[in-house]
Each structure stands twice: as C-alpha cells, then as structure tokens.
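>>> okay, sequence plus prediction incoming.
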Amino acid sequence: MDPGSYDVWLLDLDGTLVDTEWSYVREVFDRVGDQMGRSFSDREAAVLWHGLGGTRNGHLHRWGVDPETFWSTFHANGDPETRAAATYLHDDATFVADLEVPVGVVTHSQPFLAGPVIDALDIGDWFDVVVSCSDEVGWKPDPAPVELTLDLLDVDPATSRGVLAGDGATDIGAAWNAGLDGIHVERHGPDRRGHCVLGDHRVRSFDTLWTNGGTDRGICPPRAYNSA
Ligand SMILES: [Mg+2]
C-alpha cells in the first residue's frame, strides 16, 4: 500500500523517532554494573538498550543476571532530564510533523521518561495521543495497547487502513496482531540485530518510504530469512 494513503499512523518512539547518545547509555550501564558487581560490555549494553536479538529478559537469564534485580537497578540509575537532554530526533522522522491524519505514539517508554523527551525535542504537537505500555495496558506485540491508541484517536480499525511503524520486531507483531500494516525501520542491520524483521514496508530510513514505494532492497538476503 502507498505509505501516503494510510488513514491513521501509529509510531514507536525510542529507536524509531528518537535515540539516545551512547555516552548516556554507557554511563547508566557503568553505574548499574558497579552496583550489581557485574560489568556490562558495550555489546551487552546495546543489546539490552535497543532490544536486539530476542527478549531482554531472555538475554538476562542466559547471562545469569536476575531480571528483577537488573530492572530495579537500571531504573534507579536512569535520570529522565539527563536522558532527555541526551536524546536526539532522527533526521528522517520529521515527516511525522506533516502527516494530516490521526497520529499516535505507542511506546514501551514510561510517561516519566517519554514525557521529558517529547518536551525537550518539542514534538508534542506531532501526536494526538501518546500511550505508554504497562502491565495493565499490555506490551507489544500484544495488540491491546495498539487497540487502545486507536480507540483514543476515535479511529475504527474496521473501516480505516492504519499502519504502525517501529524499529523492533515487537512493533510489527503488535501491528499485525491488531490488523494494521507494519513498517519496520532497521536502524541496526540484521547482522547486529541477530535476525531479520519482516514488515509490509522495510526500510533503513523513513526517507525511503516516499522515494521508492517503501522498501529497501537487500536489508536481508534470502538465506537470512530462512535462518531467522
Ligand atoms: Mg523501539
């Protein structure tokens, strides 16, 4: 489907529209490591921060790290204002400002983190609603947070063609589970991610959506699909 034809757009936030300077990420993991008595390599920090190659808790279990201890330590060492100051907008995300249909954010980022980022980047007026996932709302790829966002936008998915764009496999899963199209923006590459992510549109940059019909060729070679 022509990316310009959707009746409603939903977007993930972190990794999709914005990202955080590595220096901030590294500092957080250094503090977490000090307090847990276990250092985190750059690769481990990136895997956990970006959600690469499987579930975060699955990685923690494999590394012998108790997820509950990790997440409580991780959240205690995050500083919303410092993080917001270290967060930048991807150049290719500015198309969202020009969308003339309902636009919502569906993010795993919690309001105390997402709010300062959106304020600092002055992009609040891009969105009609921002929904943070939670145990109550559900977490992507559960369609529940997507359905809630559509409801808040007063969009009937039965009569509208919607799309959800995100950088994670869970974003595409949530889109498809909710009956929307999915746009995967691959910010890392399948080699670094550890697998390929399918989608109705698959791009390295949103700029490609408007220039060639919405799909970059060659993100994943055919063989990688079979082993994903
Ligand atoms: Mg993301």
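Arrived safely, thanks for sending.

>>> nearest residue to H90 other than its sequence neighbours?
Spatial nearest neighbour of H90, excluding adjacent residues (C-beta to C-beta, 6 or more residues apart in numbering): L17 at 6.2 Å. Just so you know, the C-beta spots here come from the backbone N, C-alpha and C atoms, and that holds for glycine as well.

>>> contact partners for that neighbour?
Residues in contact with L17 (C-beta atoms under 8 Å, 6 or more residues apart in numbering) are L11, L89, H90, A93, V96, V105, I123.

>>> top of those residues by neighbour count?
Using other C-beta atoms under 10 Å as the neighbour test, those are led by L11, with 26 neighbours.

>>> just for this protein, where's the confidence low?
Residue ranges of the chain with pLDDT under 70: 212-214, 217-218, 221-228.

>>> check which residues of the longest helix along it are buried.
If you go by DSSP state H, the chain has its longest helix at helix 22-36. Buried residues in helix 22-36, counting neighbours by 16 or more other C-beta atoms under 10 Å, are found at Y24, V25, V28, F29, V32, G33.

>>> report all helices and strands that that helix contacts.
Contacts defined by 3 or more C-beta pairs under 8 Å, 6 or more residues apart in numbering; DSSP states H and E place helix 22-36 against helix 42-50, helix 67-76.

>>> can you give the contact residues for it?
Identification of contacts with helix 22-36 by C-beta under 8 Å, 6+ apart yields 39-40, 42, 44-46, 48-49, 65, 69-70, 73-74, 77-78, 82-83, 86.

>>> that one to helix 42-50, inter-axis angle?
Orientation of helix 22-36 against helix 42-50 (axes from the mean of the first three to the mean of the last three C-alpha atoms, to 10 degrees) gives an angle of 100 degrees.
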